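Below are the sequence and a predicted model; questions follow.
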Amino acid sequence: MRIRPGAVRAVLLACLLAACGVLLSPGPARAAAGSPPPARHVVVVGLSGLRWSDVSPAATPELWRLAGQGSVGSLVDYAVLPLTCPADAWLTLNAGTRAQADHTNAACSAFPQVDQAGSGASVPGLPSLETYNQRFHNDPQWGLLAGEAPGCATAVGPGAALALADRAGRVASYLPSPAGITAGVLSRCPLTVVDLGTIGSAERAAQLASADAELARITAALPAGTTLLVTAPGSAAKPPHLQLALVSGPGYRAGLLDAASTRQPGLVVLTDLTPTVLGWLGRTVPAEVVGAPVTRGDRGSLASAVRSLAGRDTAEQVWRSTHDEFFWAYALADAAVLAAIGLAFWGAAEEKRRQRARWWRVAGVFAASVPVATFLAGLVPWSTTAHPAAWLYGVSVALAVVVALAALAGPWRRRWSGPFGAVCLFTLAVLGIDVMTGSRLQLETPFGLSVLEAGRFYGIGNEALGIYGISGLVAAGSLALAALHRAASSRASSRASSGASSGPSSRRTAVLAVAVVAAFAVFASGWPGFGGKVGGTIAMVPCFGLLGLAVAGVRLNWRRVLLVAVSGLALFAVFALISYFVPATGKSDIGSFAGSALHGHSGGLLLRKINSNIGSLSVNAFSPLIPIVVVLTGLMLWRPSWFGLKTAPLAYAAEPLARPWLGVIWLLPVLGWLADDSGVIVPAAVLPFALPLGIAILAAAAYQDHQARYLETTVPVGSPASRK
């Protein structure tokens, strides 16, 4: 069937309006104040393992005083492995990008040797560490923090020596202990880096008190106008925590730390510290440095700010300790409920089939309501309660029930696909609007972003990618079906009254519905000023394209398939170039990739992404099973007769759009698997959401309570003729 010109114009107009809206939208929120002027003196004090839960007026009076007059934030200490040891963090400061000493995720190895040599020192193992880090493809720029002029920076303690060593391992000016710090030492060089040691699990209070006293002695000797950074480079203890970052000095009075790398108030990452210090010193920051300068935003009282920062770490611990258990509970609950319905209404009789279909429809709606409920739970300050995990999951269950009941009771319930479309459209709207307004609901929720993983701090997370994309496809397909059926009913009424074929153009309205949903979903997720999601753009665009062609009645040929296949890559390339050449859209990973590609430095990044994708198959013992489940599911949808399935053929006969619709729902997590560096995690995370939803769609389509009328046909659903 040919597409009418009016339909084409309507689709193009919808896409143009969506694109213009995005282009004219403001970029990511900026800090309240601009970058401070270069400082004469910069002092960096590191105390590994220091967290905001350690800080109080009684336990650490000097830290509390500095926090009151300066800007505070949480530091994501992630180098290469989740266990970022102190040596890893100091090496990352040295190179401006993630680096690691030789150890596993089980425990830290011995700290690299530092030898004093006259007024300086040497790190003899640094060349071998440089060779060791080549396997991670992060391209460290060794000696970046120390600069080129000898004697311009002073290192105090072994960690500081790692931070200020040049590529050969030489440190120009070195003191082995903070005990040797004087006002003269601090004023001698523009940059002084001090290692106050590591806070362990044992005798933590005594170690904090001693370090706080040493910090008070250092701050008393600071030259006037010094910019002081107190931070926590790494930790020797597990599990990982969000740690402390504090800046006191000109431009950072009584504020909250911000960075374009995270786009989250009060949150900075380890790789932000090196470009920040270089900026304070007035040095040029190389374009290859992955971090962003730390700036200042506004805050309320210090007590509330510290409570919020400590609460975020609590939320991260809840995510870390309950995340896997939540997914298992979700998946097993789906399986148990669907199986129980099948057993309760077992039998081949027509009435038994309809009862199964009816209750599977209800179960599918409830299962589909769970993800959006967990995101909405972020509106409740559960992380500051006495029992944060109980509050998070209790609120999530309650909200899931409310969302499901609203979907099942609303006026759209009269259409067989209405409840699915309502839940998924609501899910798409919540996640899309959240991404466009800062991704606050994404953080620390079961399907959302864990900042301790340091993968993403904004946009659609890897585990939510499939849920977001499938929600968009289900919403678009449901709206298209509604338009097609409504137009078919109108056409039938017109023929009955006048004998002539008349009525609205079902194709035009249905294709327009798909185009509008697609434009919103893709731009919210992929536009660099919003989500900047590479895998989402590459996966969603072809799926929406195929769905649009199916709704329009366009037959596929190899040219159309090829055009659809490259559409996601093409749009990603456009987004990446815009991000790189238009700074107003904000710093993003896709812009960094574009810059690396244009300068011929993208090879390491691509290798790292490919290795991460392949490595996802060995995350746990069940990871290799996911591809098998995905393939079997695809075969069941494609050739249900091979498996003796009865419901799928009935659904395809009753609803001509069901086969291509379910096909793109299956295809999206597969493309996400290939396009996203999380690999098989994308389909694994979406299975508890997609499988019950797909079963419910098939059952509801096969056993509708009315005739499916569109595409110039009438199929009496459930009749013997429909089963031939």
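That came in fine, so what should we check first? Residues are numbered from 1 along each chain as shown.

And the next helix or strand past the helix or strand containing Gly311?
Using DSSP states H and E, Gly311 sits within helix 302-344. Heading C-terminal from helix 302-344, the first helix or strand you meet, by DSSP H and E, is helix 350-376.

average pLDDT across that following helix?
Helix 350-376 comes out with an average pLDDT of 95.

could you give the angle of that helix to helix 302-344?
170 degrees (axes from the mean of the first three to the mean of the last three Cα atoms, to 10 degrees).

Which positions within helix 350-376 qualify as buried?
Buried residues in helix 350-376, defined by neighbour count with 16 or more other Cβ atoms under 10 Å: 353-376. C-beta: built from backbone N, CA, C; applies to glycine.

again with stretch 400-415
Quick answer for stretch 400-415 (16+ other Cβ under 10 Å): 400, 403-404, 407-408, 412, 415.

what residues does it touch?
362, 365-366, 368-370, 372-373, 418-423, 426, 478, 481-482, 485 (Cβ atoms under 8 Å, 6 or more residues apart in numbering).

7 Å instead?
362, 365-366, 369-370, 372-373, 418-419, 421-423, 426, 482 (Cβ atoms under 7 Å, 6 or more residues apart in numbering).

any idea of the mean pLDDT for the helix holding Gly311?
Computed over helix 302-344, the average pLDDT equals 95.

What is the neighbour count of the closest residue in space to Val564 that isn't next to it in sequence?
Leaving out its chain neighbours, the residue that sits closest to Val564 by Cβ to Cβ, 6 or more residues apart in numbering is Gly545, at 4.4 Å. Using other Cβ atoms under 10 Å, Gly545 has 20 neighbouring residues.

For Gly545, give me the backbone phi and psi.
phi -60, psi -40 (degrees, to the nearest 10).

separation between it and Cys424?
Going from Gly545 to Cys424 by Cβ to Cβ, to the nearest Å gives 19 Å.

do the same with Ser471
Taken as Cβ to Cβ, the span from Ser471 to Cys424 is 4 Å.

Give me the nearest residue to the residue nearest the centre of the chain, chain neighbours excluded.
Taking Cα atoms, centre = their mean, the centroid of the chain lies closest to Gly461, which sits 2.5 Å from it. Counting by Cβ to Cβ, 6+ apart, the nearest residue to Gly461 once its immediate chain neighbours are dropped is Leu449, at 4.5 Å.

where does the residue nearest to Val564 land on pLDDT?
For Gly545, the model assigns a pLDDT of 96.

Just the CA trace of the helix or strand harbouring Ile695, in CSV.
Using DSSP H and E, Ile695 falls within helix 681-702. Output in CSV follows, covering the C-alpha atoms of helix 681-702 (Å, rounded to 0.1, in the frame of the first residue of the first chain):
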residue,chain,number,x,y,z
ILE,A,681,23.1,-7.0,30.6
VAL,A,682,20.6,-5.0,28.3
PRO,A,683,18.4,-8.0,27.4
ALA,A,684,19.0,-9.7,30.8
ALA,A,685,17.6,-6.7,32.7
VAL,A,686,14.5,-6.3,30.4
LEU,A,687,13.4,-10.0,30.4
PRO,A,688,11.3,-9.8,33.6
PHE,A,689,9.5,-6.8,32.0
ALA,A,690,9.3,-7.9,28.4
LEU,A,691,8.4,-11.6,28.7
PRO,A,692,5.2,-11.2,30.8
LEU,A,693,4.3,-8.1,28.7
GLY,A,694,4.7,-10.1,25.5
ILE,A,695,2.7,-13.1,26.7
ALA,A,696,-0.1,-10.8,27.9
ILE,A,697,-0.1,-9.0,24.5
LEU,A,698,-0.4,-12.3,22.6
ALA,A,699,-3.1,-13.6,24.9
ALA,A,700,-5.1,-10.4,24.8
ALA,A,701,-4.9,-10.1,21.0
ALA,A,702,-5.8,-13.8,20.5
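
just the angle between that helix and helix 350-376, please?
140 degrees.

So for helix 681-702, mean pLDDT?
Rounded mean pLDDT across helix 681-702 is 94.

Just the ones in strands from the buried residues of stretch 400-415, please.
In strands, defined here by DSSP state E, there are no members of the buried residues of stretch 400-415.

any chance of these in TSV, plus pLDDT and distance to Asp272?
Formatted as TSV, those follow (pLDDT from 0 to 100; distance: Cβ to Cβ, whole Å):
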residue	pLDDT	distance to Asp272
Ala400	97	37
Val403	97	38
Ala404	97	42
Ala407	96	42
Leu408	95	47
Trp412	91	46
Arg415	91	50
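
and these as CSV, adding distance to Gly157?
Shown next, in CSV, are these (distance: Cβ to Cβ, whole Å):
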residue, distance to Gly157
Ala400, 51
Val403, 54
Ala404, 57
Ala407, 60
Leu408, 63
Trp412, 65
Arg415, 69
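
Farthest-apart pair in those residues, please.
Ala400 and Arg415 (22.1 Å; Cβ to Cβ).

Contact partners for Thr427?
Per Cβ under 7 Å, 6+ apart, neighbours of Thr427: 371-372, 471.

let's see 8 Å
Thr427 touches 368, 371-372, 467-468, 471, counting by Cβ under 8 Å, 6+ apart.

Which of the residues you listed sits closest to Thr154?
Among the contacts of Thr427, and counting by Cβ to Cβ, the member closest to Thr154 is Tyr468, at 49.5 Å.

could you say which helix or strand contains that closest one?
helix 465-498.

Buried ones in that helix, by neighbour count?
Residues 465-489, 491-492 are the ones in helix 465-498 that count as buried (16+ other Cβ under 10 Å).

ditto for stretch 446-464
446-454, 456-464.

do stretch 92-110 as well
92-101, 103, 108.

Quick check: helices, which of the residues you listed are part of them?
92-95 (DSSP state H).

ok, now which ones touch the residue nearest to Ser119 when sequence neighbours are not counted?
Using Cβ to Cβ, 6+ apart and skipping residues adjacent in sequence, the residue nearest Ser119 is Ser173, 6.0 Å away. Contact partners of Ser173, counting by Cβ under 8 Å, 6+ apart, are 119-120, 151, 153-155, 188-189.

do Ala292 as well
Counting by Cβ under 8 Å, 6+ apart, Ala292 has contacts 259-261, 272, 275, 587.

Now, of those residues, which are buried?
259-261, 272, 275, 587.

Secondary structure added to these, as a markdown table?
Compiled in a markdown table, the buried ones among the contacts of Ala292 are given as follows (DSSP: H, G, I helix; E, B strand; the rest coil):
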| residue | secondary structure |
| --- | --- |
| Ala259 | strand |
| Ala260 | coil |
| Ser261 | coil |
| Asp272 | helix |
| Pro275 | helix |
| Lys587 | coil |
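
does Val247 really touch Val294, like I thought?
Yes. Between Val247 and Val294 there is a contact at 6.7 Å, judged by Cβ atoms under 8 Å.

so what sits against both of the two?
Leu257.

List the residues that contact Pro233.
Neighbours of Pro233 in contact, by Cβ under 8 Å, 6+ apart: 46, 48, 77, 86, 89-90, 92-93, 159, 270.

Name the weakest-confidence residue in those residues, if you would.
Asp77 (93).

burial count for the closest residue to that one other than its chain neighbours?
Leaving aside its chain neighbours, Asp77 sits nearest to Thr84 (4.6 Å; criterion: Cβ to Cβ, 6+ apart). For Thr84, the count of nearby residues is 28 (other Cβ under 10 Å).

swap in the one 5 residues further on?
Ala89: 31 surrounding residues under other Cβ under 10 Å.

Do I have it right that it meets Gln243?
No. When contacts are counted by Cβ under 8 Å, Ala89 is not listed as touching Gln243 (9.3 Å).

show me where the stretch 1-150 of the chain has helices.
5-23, 61-69, 86-95, 126-133 (DSSP state H, counting those that start in this stretch).

where among those helices is the average confidence lowest?
Note on these: lowest mean pLDDT is at helix 5-23, with a mean of 40.
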